[in-house]
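[1] model this:
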Amino acid sequence: LTEHGPWRVGNDLDIEYNPYAWNTEVNIVYLEQPFGVGFSTVDNGNGPVAGDQNAADDMDAVIRNFLTKFPQYADNIIYLSSESWGGHYEPITTYTILRNNDLEFSPHINLGGFLLGNPYTDWYENTYGFVGDIYGHGLMLNSDWENWLSECWNNENGIDYNQLCSAIYVRAYMSSWNANVYALDWPQCIQDEDWAKTHSVNSKKYTYKYQYHAHIHQHAKVFMKRVIDYEHYDTLNMKISKDELITMYDQLNDNKLHENTNLVKKYTTDSGVYTTASDSYVPCIEYNMADWLNLAVVQDALHVKSTTWEMCSDSVWNAWPESDYDAFIQDYYTEIVNNYSVDESLKLAVYSGDDD
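    Numbers count the residues shown, from 1 in each chain. Down below sits the predicted model:
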């Protein structure tokens, strides 16, 4: 409903066909992953699926169950596609499917490979990428970038223990305040330009706020805590006092992101706007999609439980093991490429850019 699917939701919530839809070339099944997000609600008393491997096991089971129910597709070549945190899901799911095929799980999945966009590979690569993206869009001081390159870039020890690196990351985070950091080259949605506001449509308030719940806040808290705990805070040139940063950190922990706006305004300054013009780009399409999926007539037609559809789930995030956030997924790529890619004739595509 927002990118490569067959339909797009306009600002008036009308549905139109997407001329660039992938299903003009292949058959696609879209899955909400993991169980506990979107319409895949968790029954009362049960927790959401938590953990990369548990999510991969569920995906493997779903595909095999689909082929059991629709055996006419059993011989079709199947490709996986994902983005962002899919950088964890997809390699692990691919390896799980290949391993289970070896163990003769039934029915066999005729896996052809995967397409993976802007993958979250590990904590450090994501950290490097975020700061590079902010600098590349003119939102950081050049002096910070030079220090980042010399002290922090491609330096895991610096990321973990150098307080200057933590300070630069926090300043980059504050520079991105009230912006859609996943699409800085494109026109910004008005709903994303003030993280303080709750989204509403037709006088009905919703709690979904994509930037409000974005994982960048969770990532930033780690570096904030290191800066706060540093005994020589005043040497870090944070431009806000330590007490103010503590207040910001506490409000993030208490899910009160909106109360930080005035603090961040002390750090940020207005600058020129650079966008990529495109008639086909709808800045608020994610909100349009959520509004449409939350219409009673739509939920009735889809035969889903009445609920508030949201892209992100705090309960899933909070249940996810910390060890998975720190995991290095490169090992799965190595296993897939070295032990399966040739024998299984796999086609593997990984593509990345500065817009997610």
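[2] Hmm, Gly112 and Ala349 touching each other?
    No: judged on Cβ atoms under 8 Å, Ala349 makes no contact with Gly112 at a distance of 11.2 Å. Heads up, the C-betas are built off the backbone N, CA and C, glycines and all.
[3] Not counting its neighbours along the chain, what's nearest Met289?
    Computed as Cβ to Cβ, 6 or more residues apart in numbering, the closest residue to Met289 that is not its neighbour in sequence is Leu1, at 4.4 Å.
[4] roughly how far apart are that neighbour and Thr307?
    17 Å (Cβ to Cβ, to the nearest Å).
[5] the more surrounded of those two?
    Set Leu1 next to Thr307 and count neighbours by other Cβ atoms under 10 Å: Leu1 wins out with 17 against 12.
[6] wait, that one sits on Gly10?
    No: using Cβ under 8 Å as the test, Leu1 is too far from Gly10 to be in contact (10.7 Å).
[7] and His217, how many neighbours?
    18.
[8] Let me see the ranges of the strands in this protein.
    7-9, 15-17, 78-83, 111-117, 200-201, 204-205, 347-351 (DSSP state E).
[9] quick one: contacts of the second one?
    Outside of strand 15-17, the residues that reach it under the criterion Cβ atoms under 8 Å, 6 or more residues apart in numbering are 6-10, 292.
[10] And stretch 316-336, end to end?
    By Cα to Cα, to the nearest Å, the extent of stretch 316-336 from end to end equals 28 Å.
[11] Next: stretch 338-352.
    22 Å.
[12] what comes into contact with that stretch?
    Contacts for stretch 338-352 (Cβ under 8 Å, 6+ apart): 79, 98, 111-119, 336-337.
[13] Now restrict those to buried residues only.
    79, 98, 111, 113-119, 336 (16 or more other Cβ atoms under 10 Å).
[14] In the residues you listed, find the pair that's most separated.
    Leu98 and Asn118 (23.4 Å; Cβ to Cβ).
[15] Tell me how many other residues crowd Ser166.
    Other residues close to Ser166 by other Cβ under 10 Å number 25.
[16] That one is in contact with Arg226, isn't it?
    Yes: the pair Ser166 and Arg226 passes the contact test of Cβ under 8 Å, sitting 4.1 Å apart.
[17] Tell me the spacing between Asn154 and Tyr161.
    Distance from Asn154 to Tyr161, by Cβ to Cβ: 15 Å.
[18] Next: Asn180.
    In terms of Cβ to Cβ, Asn180 sits 32 Å off from Tyr161.
[19] Tell me which of the two has more neighbours.
    Between Asn180 and Tyr161, counting by other Cβ under 10 Å, Asn180 is the more crowded of the two (22 against 11).
[20] Surely that one and Gln188 touch.
    Yes: counting by Cβ under 8 Å, Asn180 touches Gln188, with 5.6 Å between them.
[21] Return every residue with contacts to both of the two.
    Among the neighbours of Asn180, those also in contact with Gln188 (Cβ under 8 Å, 6+ apart) are Pro283.
[22] quick one: contacts for the closest residue to Asp57 other than its chain neighbours?
    Using Cβ to Cβ, 6+ apart and skipping the chain neighbours, the partner closest in space to Asp57 is Thr96 (6.4 Å). With contact set as Cβ under 8 Å, 6+ apart, Thr96 has these partners: 53, 56-57, 59-60.
[23] now those residues as TSV including pLDDT, neighbour count and distance to Asp43?
    TSV is the format used below for the contacts of Thr96 (pLDDT from 0 to 100; neighbours: other Cβ atoms under 10 Å; distance: Cβ to Cβ, whole Å):
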residue	pLDDT	neighbour count	distance to Asp43
Gln53	96	15	22
Ala56	96	23	22
Asp57	96	16	19
Met59	95	22	20
Asp60	97	21	22
